[in-house]
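Trainee: would you be able to build a 3D model of this:
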Amino acid sequence: MKRLLYFLLTISILMLWSSCRKDFDFSPSTGNLTFSKDTVYLDTVFTNIGSSTYNLKVYNRSNEDISIPTVRLGQGEASNYRLNVDGLPGKEFQNVELLANDSLFIFVETTADIQDLAQNSLEFLYTDAIEFDSGNNLQKVELVTLIKDAVFIYPDRDNTTGIIETLTFDTDGDGTPDETQIQGRFLEDDELTFTNEKPYVIYGYAAVDEGDVLTVNAGARVHFHANSGLLVTNNASLKVNGALSNDPELLENEVIFEGDRLEPGFADIPGQWDTIWLFNGSVDNEINYTTIKNGTVGILSEGDATATNDKLTINNSQIYNSSNFGILGRATSIAAENLVINNSGQSSFAGTAGGKYNFTHCTIANYWNNSFRQFPSVLLNNFFTDINGNDNGLDLIEANFNNCIIFGNDNPEIILDDINDGSAFTFKFTNCLIRFQDSNNNFPQEQYNISNGDLYDDCIFNSDPDFKLPFENMLMIGDDSAANGEGDPLFLITTDILGTTRTSPPDIGAYQHVTFDED
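Mentor: Below is the predicted model:
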């Protein structure tokens, strides 16, 4: 009985309160809105590719509930911008209510075709404004986007089934083309030279067909969409002909491979695209003065360990922010000079399933801090694991590191994994600065006896390389570096990655040391 009386009393109070409550009374706004910013910069996008979503916050700092008569884009329905106001999409909104001392979010996106905006132009600054109210109460927030023209390379899509074109080529070396699930297409003859006139935007894999050569000219910019990359097939080649730049920030002559998201927030995000895939049987691949950044695997080089010419020669180049590996070699052959690799989710360089590797004056570091990292900067092994989970040995013919820095934010930064089944495991570090400390003697002396001059000749262990800003991919070394003057002149490369003349004896690594500016 008491519960029933309490329930009836509660209902009566609620009914009395609701009968006394007045509806919110919204007054027209008077042009006194404030905003989180006076201009929304949507940064840079490629023509016909949608931007990221940006936001604007609108404040009613008065003590009255207000109604904004109109919120609209200045160009109306013709605008290439799109709005979402408190969850509703559109380009014009009527009587938008905003409570006293409250705020609302407006989200902004754009997609634009540069050919509709400016004929014969490679870039166009596209602007509009969000207008609040009109007449004497009109307030505006400007919208600004840089639209860039580009060459787009993408596979065909069947209009009936929606199926995207996939690559067919000889994947197993038996001379018969094989169907794959790799979305992409082969480059046509008139597409086999990438110039610096326009950026290239690639969807899926742009593949180099058997016997063809893809040439990438100095200053070219190549952008990959998610799950995209380059693939070089049997008897095909990749020639990347970057050149030394005058401006170390603009890198005007360097070739750059990166993702297709141009907003600053994506500038250093790993894993935005797949890889440059040098397939088994591709030949004489050369990469010079190139930056490869923000991929899953910067370069995947497979097979041809005993090729007359190394499968890949890479010089004066840098690979950053790879979510897995900077360079992953599988039973392959690679020669590198003045190469810098940093920030890899697994190893910066992994030479797996044997192979042949020669690195001179390289800086192979790993200051990955996005997640837990299982592997070191440099990983070498001489086996592969088959589909049944069995390890099978393959010869590590040679792995020579001369005048190299191998360092990072973990210990150890080298792992040498020998299957010990009689397969060759031949390696040597000469005049290298290495982070490796085995305080508890956990590592087998056969590979890790650092006093063995046949394996570790005049190397320095665990001393500070004095990198400038390693977590920001600035691996120049300073005056206090343990690498200064400790290189072997026998392996001297006369200029460093920046074109600076090296002293003799040279510094270890890809950079000649400099005096850092004091901030």
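Trainee: what about stretch 163-175, average pLDDT?
Mentor: Stretch 163-175 shows a mean pLDDT of 91.
Trainee: who's in contact with the residue nearest to I106 when sequence neighbours are not counted?
Mentor: Counting by CB to CB, 6 or more residues apart in numbering, L56 is the residue found nearest to I106 once chain neighbours are left out, at 4.6 Å. (Each C-beta comes from the backbone N, C-alpha and C, glycine too.) Shown in contact with L56 (CB atoms under 8 Å, 6 or more residues apart in numbering): 35-37, 40, 105-108, 130, 141.
Trainee: now do the same for L56: its pLDDT.
Mentor: Looking at L56, its pLDDT is 96.
Trainee: the host helix or strand of it: what's the following helix or strand?
Mentor: If you go by DSSP states H and E, L56 is part of strand 54-60. Downstream of strand 54-60, the first helix or strand assigned by DSSP H and E is strand 66-73.
Trainee: chain center to that following strand, what's the gap?
Mentor: The chain centre lies 41 Å from the centre of strand 66-73; the measure is CA atoms, centre = their mean, to the nearest Å.
Trainee: I'd guessed N403 sits against D488; true?
Mentor: Yes: taking CB atoms under 8 Å as the definition, N403 is a contact partner of D488 at 6.0 Å.
Trainee: which residues do these two both contact?
Mentor: Applying CB under 8 Å, 6+ apart, one finds that N403 and D488 are jointly contacted by 430-431.
Trainee: tell me the phi and psi of the closest residue to F516 other than its chain neighbours?
Mentor: Of all residues not flanking F516 in the chain, G478 sits nearest, at 4.8 Å (CB to CB, 6+ apart). Backbone geometry at G478, expressed as degrees, to the nearest 10, gives phi -100, psi -170.
Trainee: how about I508?
Mentor: Dihedral pair for I508: phi -80, psi 140, per degrees, to the nearest 10.
Trainee: now the one 5 residues further on
Mentor: Per-residue torsions, H513: phi -70, psi 150 (degrees, to the nearest 10).
Trainee: in stretch 411-431, what counts as buried?
Mentor: 412-416, 418-419, 423, 425, 427-431 (16 or more other CB atoms under 10 Å).
Trainee: mark which of the residues you listed are part of strands, please.
Mentor: Judged by DSSP state E, strands contain the following of those: 414-416, 428-430.
Trainee: just put the residues you listed in a markdown table and tack on pLDDT.
Mentor: Shown next, in a markdown table, are these (pLDDT from 0 to 100):
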| residue | pLDDT |
| --- | --- |
| I414 | 98 |
| I415 | 97 |
| L416 | 97 |
| K428 | 98 |
| F429 | 98 |
| T430 | 98 |
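Trainee: farthest pair within those residues?
Mentor: Largest separation among these by CB to CB: I415 and T430, giving 19.0 Å.
Trainee: where in the stretch 351-500 of the chain is pLDDT low?
Mentor: Applying pLDDT under 70 to the stretch 351-500 of the chain flags no residue at all.
Trainee: hey, where'd the strands end up in it?
Mentor: Remark: strands assigned in the stretch 351-500 of the chain by DSSP state E, counting those that start in this stretch are 363-366, 378-381, 383-385, 391-393, 396-402, 405-408, 414-417, 428-430, 433-434, 456-457, 460-461, 467-469, 474-477.
Trainee: and the stretch 1-150 of the chain, by the same measure?
Mentor: Using DSSP E, counting those that start in this stretch, the strands of the stretch 1-150 of the chain run over 27-28, 34-35, 39-46, 54-60, 66-73, 81-85, 88-90, 92-98, 102-110, 123-132, 139-148.
Trainee: so for the fifth one, mean pLDDT?
Mentor: It stands for strand 66-73. Per-residue scores along strand 66-73 average to 95.
Trainee: what strands line up against that strand, and which way round?
Mentor: Sheet pairing for strand 66-73, assigned by DSSP bridges, gives strand 27-28 (parallel), strand 92-98 (antiparallel), strand 123-132 (antiparallel).
Trainee: CSV for those, including mean neighbour count?
Mentor: Below are those laid out as CSV (neighbours: other CB atoms under 10 Å):
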stretch, mean neighbour count
strand 27-28, 11
strand 92-98, 16
strand 123-132, 18
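Trainee: adding mean pLDDT, write those out as TSV.
Mentor: Listed next are the strands paired with strand 66-73 as TSV, based on pLDDT from 0 to 100:
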stretch	mean pLDDT
strand 27-28	87
strand 92-98	94
strand 123-132	95
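Trainee: in JSON lines: the ones you listed, plus distance to T176.
Mentor: Formatted as JSON lines, the strands paired with strand 66-73 follow (distance: least, CB to CB, whole Å):
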{"stretch": "strand 27-28", "distance to T176": "75"}
{"stretch": "strand 92-98", "distance to T176": "60"}
{"stretch": "strand 123-132", "distance to T176": "47"}
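Trainee: so which of the ones you listed gets nearest L238?
Mentor: Nearest to L238, of all these, is strand 123-132, at 28.2 Å by CB to CB.
Trainee: how far does the closest one sit from its chain's centre?
Mentor: 29 Å.
Trainee: now do the contacts for the residue nearest the centre of the chain.
Mentor: The chain has N294 as the residue nearest its centroid, 1.0 Å off, counting by CA atoms, centre = their mean. When contacts are counted by CB under 8 Å, 6+ apart, N294 touches 258-259, 266, 268-273, 320-322.
Trainee: identify the farthest-apart pair in those residues.
Mentor: Taking CB to CB, the two most distant members of those are F266 and S322; they sit 14.9 Å apart.
Trainee: okay, the two: which has more neighbours?
Mentor: S322 (29 against 15; other CB atoms under 10 Å).
Trainee: quick check: the more buried one touching N342?
Mentor: No: using CB under 8 Å, S322 is not in contact with N342; the gap is 9.2 Å.
Trainee: who touches both of the two?
Mentor: Jointly contacting S322 and N342 under the rule CB under 8 Å, 6+ apart are S348.
Trainee: ok, and the closest non-adjacent residue to K57?
Mentor: Spatial nearest neighbour of K57, chain neighbours left out: S36 (3.9 Å); criterion: CB to CB, 6+ apart.
Trainee: which parts of the stretch 201-350 of the chain are strands?
Mentor: Taking DSSP E, counting those that start in this stretch, the strands of the stretch 201-350 of the chain run over residues 205-208, 213-216, 221-224, 229-232, 237-241, 255-259, 273-278, 285-288, 290-293, 295-302, 312-322, 325-344, 349-360.
Trainee: what about these, which gets the closest to G87?
Mentor: For the strands of the stretch 201-350 of the chain, proximity to G87 was assessed by CB to CB; strand 255-259 is nearest, at 29.7 Å.
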